[in-house]
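Student: Next come a sequence and a model predicted from it.
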Amino acid sequence: MAEPAKSSPLSELRIALPSLPMRLQEVGRFVAANDYDATTRSMRDLAAEAGADPAAFTRLAKAIGYSGWDELRAALTEARRPSQTSPFSGRARGRRPGPNADVALVTDKLEAEAAGLPRIPAQPIAEAARSLHEAKRIWIAGYRSCRSVAELLNYELRLFRPEQVQLVGVSGPDDLDLGAFRPGEAVIVIGFLPYTHASVRVAQAAHHSGATLIAIADSLSAPMAEGADHVLLFEAASSPGFFPSLTGAIAIAQSLAAVTFSLGGMAAKKRLEHTETRLTAASIYVSEKG
């Protein structure tokens, strides 16, 4: 017998409202009426607009069965994910009325991006970077919009480990690289909903090969994160705008590169200096005018 579908956090909230204390009912109604803001704005900002104590949002979350506001907020964000058939248009909202509508959207987006970065845990990134430092070779895979994140990470790592870092599929069909994964190597896969089949195939090949799999993803349930040794989470859906945010993924990629370089010590620094000397000799950059 199939399990019944899990109710949405908004449904849980509305069902619980009559049994809550009056003040929590007021906060609950505010959240239910402003669920989009609840996923994109800080608890302090929400409390100021609702005229409530920020702690009331935590009490509300616990009253309906969540460990705290962060867990309820994550559930609200998950519930707002668009369907696979309209992953981007499903996020679109009508243009706000008023002369400052465009500035307001930019402000909301910048605030949401800034608020999401502190919620990325640092410890898992540091642990994943240690795996990169110890890896004999590093493979990086990102498809469609995530290709930009993969290329940035590839560029930064190759500045000091040029022979040991490679983008999957850059020199030929992906399947040739998938067959080259070996134990002692690391494979980084980057993705968010909607997930590409290619990213899942890379993750599966890495897992089956015995290589260390590092998933940079928007959810623990991401199919390319299944069986991963390290899952580094970023918020893709909480930022306003028709397209999900890659800001957190970029921050994770650059943090991985920074810590891997630091772990490399003097050897990494000397190799970076060698790369800089070569770039200078090749006149890659425009000379600064005195």
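Tutor: That came in fine, so what should we check first?
Student: Quick check, central residue of the protein?
Tutor: Nearest to the mean C-alpha position of the chain, by CA atoms, centre = their mean, lies F234 at 2.2 Å.
Student: Can you tell me how far E185 is from S86?
Tutor: Spatial separation of E185 from S86 under the definition CB to CB, to the nearest Å is 38 Å. Yep, even glycine has a C-beta here, placed from its N, CA and C like the rest.
Student: cool, and L279?
Tutor: Taken as CB to CB, the span from L279 to S86 is 44 Å.
Student: re earlier: compare E185 and S86 (neighbour count), which wins?
Tutor: More neighbours surround E185 than the other of E185 and S86, with 19 against 11 (other CB atoms under 10 Å).
Student: what residues are up against the residue nearest to the centre of the chain?
Tutor: Taking CB atoms under 8 Å, 6 or more residues apart in numbering as the definition of contact, the neighbours of F234 are 116, 120, 192, 216-218, 245-249, 251-252.
Student: repeat for L20
Tutor: Going by CB under 8 Å, 6+ apart, L20 touches 28, 60, 63.
Student: shaky segments in the protein?
Tutor: Under the criterion of pLDDT under 70, the regions of the chain flagged as low confidence span 1-7, 40, 80-85, 87-90, 92, 290.
Student: Return the alpha-carbon coordinates of stretch 118-132 using CSV.
Tutor: Below are the C-alpha coordinates for stretch 118-132, written out as CSV (Å, rounded to 0.1, in the frame of the first residue of the first chain):
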residue,chain,number,x,y,z
PRO,A,118,26.0,32.6,6.3
ARG,A,119,23.8,29.6,6.4
ILE,A,120,26.3,27.5,4.4
PRO,A,121,28.2,25.4,7.0
ALA,A,122,31.9,25.8,6.9
GLN,A,123,33.0,22.5,8.4
PRO,A,124,31.8,20.2,5.6
ILE,A,125,33.6,22.4,3.1
ALA,A,126,36.9,22.2,5.0
GLU,A,127,36.5,18.4,5.2
ALA,A,128,35.9,18.2,1.5
ALA,A,129,38.9,20.4,0.8
ARG,A,130,41.1,18.0,2.7
SER,A,131,39.9,15.2,0.4
LEU,A,132,40.8,17.3,-2.6
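Student: Nearest to V200 among the contacts of L20?
Tutor: Within the contacts of L20, proximity to V200 (CB to CB) peaks at L60, which comes in at 36.9 Å.
Student: ok, back up a step: ranking by neighbours, what's the top pick from the contacts of F234?
Tutor: Of the contacts of F234, I216 is surrounded by the most neighbours, 32 neighbours in total, counting by other CB under 10 Å.
Student: mind putting the contacts of F234 in JSON lines, secondary structure included?
Tutor: Conversion of these to JSON lines gives the following (DSSP: H, G, I helix; E, B strand; the rest coil):
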{"residue": "G116", "secondary structure": "helix"}
{"residue": "I120", "secondary structure": "coil"}
{"residue": "F192", "secondary structure": "coil"}
{"residue": "I216", "secondary structure": "strand"}
{"residue": "A217", "secondary structure": "strand"}
{"residue": "D218", "secondary structure": "coil"}
{"residue": "S245", "secondary structure": "coil"}
{"residue": "L246", "secondary structure": "coil"}
{"residue": "T247", "secondary structure": "helix"}
{"residue": "G248", "secondary structure": "helix"}
{"residue": "A249", "secondary structure": "helix"}
{"residue": "A251", "secondary structure": "helix"}
{"residue": "I252", "secondary structure": "helix"}
